[in-house]
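**Student:** the following block contains a protein sequence and its predicted model.
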Amino acid sequence: MESWPSWGPPCWNKFPTANVLMLALCILLLSSLSHVPAQPQCREEEYPVAAECCPKCSAGYHVKQVCSELTGTVCIPCPPKTYTAHPNGLSQCLPCGDCDPDMGMVTWQNCSSTQDTVCHCSQGYFCDIEEGNHCVLCLPHTTCPPGQRVLKRGTYSQNTVCANCLLGTFSSGGTQEKCLPWTNSSFQKETERGTRSTDVTCSFSWGFYFTLASLGAITAFMIFCLWKQRRVSSRVTLASVTLQNRQDKAHKFSVAEDIPTEAVEETALNS
């Protein structure tokens, strides 16, 4: 009859040195954490220094020397081009920011000891990220692509809004508010249809110019005929008037000759 297998030693006993070292390290870590001083709960106008609370410096100042049991916090004004906007426990003031013109920014308000530089966007840019009255990120107004027009121009706080051109109009893009109508090529040959971004393409047509020349020649011939007819009519009218004048003169002359003869006869009879 086989005997039961006996239980061997626990596995951790195979490495007793490693287990002892791990246990010692844990005890040491817990011991060191127990000696770390807790941060004090300071009031709003104070800031923690080690286990104590010191008064904060006013805006526009920074800490030169922390407080002690006998003295309070020693504060000095911020040097030029630096600032602190709030009561603080900073050992140095914050550097003033710059408005980068390459990023579309302009200085709206210069930096002071209590306020950072205030930047606004240049003409042609809009503010994409704003903090209070200070713009953090300026972006250029969008230029409408070909086939679109400006529906609403960009402002300081809003980008340009574009809209598609309607059928029969086109735009090469840019900042124009109206799309241009396609060219009327009814008297020419249309070689390429217009699109939202291109105009109709028309080609030279001999037939159109031949028709135009023919119409011009016919018009000129009709004008010449009318002029000729009026000229002949004027001559006939002038001849008629001349003949009538001559007849009137002849009649008047004959009447004048008859009057003296009758007068002589009447005189002779009376005598």
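**Tutor:** Everything's here; your move.

**Student:** helices of this structure, start to end?
**Tutor:** Counting by DSSP state H, the chain has helices at residues 16-34, 206-270.

**Student:** where among the ones you listed is average confidence lowest?
**Tutor:** For the helices of the chain, the weakest mean pLDDT is recorded on helix 16-34, namely a mean of 62.

**Student:** tell me the contacts of the closest residue to Thr71 other than its chain neighbours?
**Tutor:** Once flanking residues are discounted, Thr71 sits nearest to Gln65: 7.7 Å by CB to CB, 6 or more residues apart in numbering. No exception for glycine: its C-beta is placed from N, CA and C like everyone else's. Contacts here follow CB atoms under 8 Å, 6 or more residues apart in numbering; on that basis Gln65 touches 71, 73-74.

**Student:** Gln65 pairs with what?
**Tutor:** Val74 (DSSP bridges).

**Student:** wait, Cys138 sits on Phe126?
**Tutor:** Yes - assessed by CB atoms under 8 Å, Cys138 is found in contact with Phe126 at 7.0 Å.

**Student:** and the two? Which one has more around it.
**Tutor:** Neighbour tally, Cys138 and Phe126, criterion other CB atoms under 10 Å: the higher count belongs to Cys138, 23 against 20.

**Student:** what pairs with the more buried one across the strands?
**Tutor:** Cys127.

**Student:** how much space separates it from Cys121?
**Tutor:** For Cys138, the distance to Cys121 (CB to CB, to the nearest Å) stands at 4 Å.

**Student:** list residues touching both of these two?
**Tutor:** Joint contacts of Cys138 and Cys121 (CB under 8 Å, 6+ apart) are 104-105, 127.

**Student:** quick one: which of the residues you listed is nearest to Lys228?
**Tutor:** Nearest to Lys228 out of the shared contacts of Cys138 and Cys121 is Gly104 (CB to CB; 76.2 Å).

**Student:** wouldn't that closest one be in contact with Gln123 here?
**Tutor:** No - assessed by CB under 8 Å, Gly104 is found out of contact with Gln123, at 9.0 Å.

**Student:** the more surrounded of these two?
**Tutor:** Neighbours per residue, other CB under 10 Å: of Gly104 and Gln123, the larger number sits with Gly104, 22 against 8.

**Student:** could you check how far the residue lying closest to Val106 once chain neighbours are set aside is from Lys152?
**Tutor:** Sequence neighbours aside, Ser122 is the residue nearest to Val106 in space, at 5.2 Å (criterion: CB to CB, 6+ apart). As judged by CB to CB, Ser122 and Lys152 stand 20 Å apart.

**Student:** in TSV, list the shared contacts of Cys138 and Cys121 along with distance to Val49 and pLDDT.
**Tutor:** Output for those, formatted as TSV (distance: CB to CB, whole Å; pLDDT from 0 to 100):
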residue	distance to Val49	pLDDT
Gly104	43	96
Met105	38	96
Cys127	40	97
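
**Student:** what do Cys138 and Phe126 both touch?
**Tutor:** Counting by CB under 8 Å, 6+ apart, Cys138 and Phe126 have no shared contacts at all.

**Student:** which one of the contacts of Gln65 is nearest to Thr219?
**Tutor:** Out of the contacts of Gln65, the member with the shortest distance to Thr219 (by CB to CB) is Thr73, at 103.0 Å.

**Student:** I am finished for the moment; much appreciated.
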